[in-house]
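Peer 1: Okay, structure incoming, though there's no sequence with it:
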């Protein structure tokens, strides 16, 4: 039931926001030019709070093997490889723009805000807002797919595939689903480290691709 609520909540909230923007309009305080900067700072600070709140992270990192440390690298590599193929079918966006949109790894809030902030100076407000919206949708859909399929991969014995599919969410909302497989519990440290490394990599990748 909890997973179903999460799956339904994201698209419903997104549709509610779009409907409110079309029917009611956007208040001036929302489009105030300084607000995105404040929101971006708050999101980046939240990443730091999450790292600091995980008291066992250093211990888990010391105990991690090579496979654990390589898993987020292959997740990043696989995501960028698939996204670069998708860019071949997108005419109006450059390959770097499409890669930036796909580099949120399920972190739709931070990735869209970063793209809006980094891309505005070089491409203008409208182009930056369009790319940020695409990133938001792409990463929302990734999280929905992860919530729907992670448990299936874990039950089939592909725990590493479940962690990779979850992206950043391997350390939070998808973690219980990863545990549904027989090899899920021994991979707990790998799932948490995977999510944290991806979370740190999002600002770095998006900055490199947008600037």
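Peer 2: Cool, got the structure. Since the structure is predicted, the reported quantities are computational estimates derived from the model, not experimental observations.

Peer 1: low-scoring stretches of the chain, by residue?
Peer 2: For the chain, applying pLDDT under 70 flags the ranges 1-11, 14, 18, 21-22, 25-65, 181-186.

Peer 1: the longest helix in it is where?
Peer 2: Counting residues, the longest helix found in the chain (DSSP state H) is helix 125-155.

Peer 1: name the helices or strands packed onto it?
Peer 2: Other helices and strands packing on helix 125-155, by 3 or more C-beta pairs under 8 Å, 6 or more residues apart in numbering; DSSP states H and E, are helix 2-23, helix 95-102, helix 108-123, helix 159-166, helix 175-178. C-beta here means a position set from N, CA and C on the backbone, and glycine is covered the same way.

Peer 1: Can you list the buried residues in it?
Peer 2: Neighbour-count burial for helix 125-155, with 16 or more other C-beta atoms under 10 Å as criterion, is recorded at 128-132, 134-136, 138-140, 142-144, 146-147, 149-151, 153-154.

Peer 1: now it, how far from the centre of its chain.
Peer 2: Distance, stretch centre to chain centre, for helix 125-155: 7 Å (C-alpha atoms, centre = their mean, to the nearest Å).

Peer 1: OK, contacts around residue 96?
Peer 2: 209, 210 (C-beta atoms under 8 Å, 6 or more residues apart in numbering).

Peer 1: how about 7 Å then?
Peer 2: When contacts are counted by C-beta atoms under 7 Å, 6 or more residues apart in numbering, residue 96 is found next to residue 209.

Peer 1: What about residue 196, how many residues nearby?
Peer 2: Counted by other C-beta atoms under 10 Å, the residues lying close to residue 196 total 21.

Peer 1: wait, isn't it in contact with residue 169?
Peer 2: No - the pair residue 196 / residue 169 is not scored as a contact, 11.8 Å apart, by C-beta atoms under 7 Å.

Peer 1: returning to that earlier point: just send the helices and strands packed on helix 125-155 back as JSON lines, with distance to residue 209 too.
Peer 2: Formatted as JSON lines, the helices and strands packed on helix 125-155 follow (distance: least, C-beta to C-beta, whole Å):
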{"stretch": "helix 2-23", "distance to residue 209": "24"}
{"stretch": "helix 95-102", "distance to residue 209": "4"}
{"stretch": "helix 108-123", "distance to residue 209": "9"}
{"stretch": "helix 159-166", "distance to residue 209": "20"}
{"stretch": "helix 175-178", "distance to residue 209": "28"}
